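Engineer: I would like the atomic coordinates for the input below:
(one chain, ligands or ions: 1)
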Amino acid sequence: MPWKGELDPYKIWLSEIILQQTRVEQGWAYYEKFVKNYPTIFQLAKAKDEEVFKLWEGLGYYNRCRNLLHTARFIVKQYKGVFPQTYEALLALKGIGPYTAAAIASFAFNLPHAVVDGNVFRVFSRYYGISLPIDTSEGVKYFNQVADENLAIKTAGIYNQALMDFGATVCKPLAPLCSVCVLQKTCVAFATNQINLLPIKLKQIQKKKRQFDFFIFNFNEYYLIQKRGVEDIWAGLYQFYLVQNASMPKDNALYLKQVLQQQLGIAKKDLVQTSISKPVNQLLTHQQLTIRFIQVVLKSKPAALSKGLWVPKAKLRTYPFPKAIVDFLKQ
Ligand code: SF4
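Structural biologist: Numbering: from 1, shown residues only. Okay, the predicted model is just below:
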């Protein structure tokens, strides 16, 4: 974040309010304009309503601007312009919810409150393999509990910032850098190939559509197969290395790079050949699957593919596979 390390509660508050429902690239210019025109809370509190609304123009959600002015004037009048230094008092201010209160409390005053934004949801969901939807009250409550349990109490400000940065730069929504991630060895999503599936949103569940890509890794004519867990369809059967996606990746070249190089750490020089089959659809009672087979010929066995069995082609058919794979092997 551009304002990383900021300790002034006024500026942290300003940036958080401006960036709600706004992309960083767009919001950053507004933040700079506000800081330039109103460098302190006293100047903002004194400003005319129309002048502040004019500066806000284009950001939308004008209620945020109204609350911003109200709270600036309230802090000047009630607290002589000094931001309250407890989470509870911050939360009581108009326009400040649990997330913003935790951000100001921890970044400005190093108080032990976890900041749970979209990045944090994603990191915890993947690292612990939590499949509770993040857009339900049950999910939000649970993720907040997990965040509280993980919080570094004495260094909450730095910890919160680091976790959000980690989510924004390593455990990214698309193409997370698993191959260089320090958490890879203990990450549940990585171990169970659910990186592209987590975190889950309720909307996705209701669609019940799933996209499966089976990566057929071939090293010296030995093929990697893995046994499925018992908690999903095809319990206990075998499969090729599975990557699940919420929808079909649009750019195949980019997608292969993301999975093979960024997630699995396979060097380009170790990839002899890759090819992708046409998608096939399979309907199950409650699910609609779209399945592709991606053949990958390797020059060496990558460390990230140590889980499972490397089986010669002739022996493949001795293992029980789901019908989609059996059909593919018959071709
Ligand atoms: Fe995120 Fe990948 Fe690291 Fe797991 S291994 S925490 S999914 S970047």
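
Engineer: now the strand or helix carrying residue 31: how far from the chain's centre is it?
Structural biologist: Under the criterion of DSSP states H and E, residue 31 resides in helix 24-37. Centroid separation between helix 24-37 and its chain, computed with C-alpha atoms, centre = their mean, to the nearest Å, is 25 Å.

Engineer: name the helices or strands packed onto that helix?
Structural biologist: helix 9-19, helix 49-56 (3 or more C-beta pairs under 8 Å, 6 or more residues apart in numbering; DSSP states H and E). C-beta coordinates here come from the backbone N, C-alpha and C atoms, glycine included.

Engineer: other SSEs contacting the longest one?
Structural biologist: Going back to what we said before, that points to helix 9-19. Helix 9-19 packs on helix 24-37, helix 62-79, helix 98-109, going by 3+ C-beta pairs under 8 Å, 6+ apart.

Engineer: the residue in the stretch 201-331 of the chain positioned nearest to the ligand - nearest residue in space that isn't next to it in sequence?
Structural biologist: Nearest residue of the stretch 201-331 of the chain to the ligand: residue 263, at 6.8 Å (C-beta to the nearest ligand atom). Sequence neighbours aside, residue 178 is the residue nearest to residue 263 in space, at 4.3 Å (criterion: C-beta to C-beta, 6 or more residues apart in numbering).

Engineer: re the thing from before, deepest-packed of the helices and strands packed on helix 24-37, please.
Structural biologist: helix 9-19 (a mean of 22; mean count of other C-beta atoms under 10 Å).

Engineer: which regions of the protein lie under the pLDDT threshold?
Structural biologist: Within the chain, the segments meeting pLDDT under 70 span 1-3, 204-207, 285.

Engineer: strands along that one, start to end?
Structural biologist: 209-219, 222-227, 238-245, 271-276, 280-283, 288-298, 309-312 (DSSP state E).

Engineer: tell me which strands the third one pairs with, and in which orientation.
Structural biologist: This means strand 238-245. strand 209-219 (antiparallel), strand 222-227 (antiparallel) (DSSP bridges).

Engineer: ok, residues contacting stretch 88-102?
Structural biologist: Identification of contacts with stretch 88-102 by C-beta atoms under 8 Å, 6 or more residues apart in numbering yields 13, 16-17, 20, 63-64, 67-68, 70-71, 74-75, 83-84, 87, 104-105, 113-117, 144, 160.
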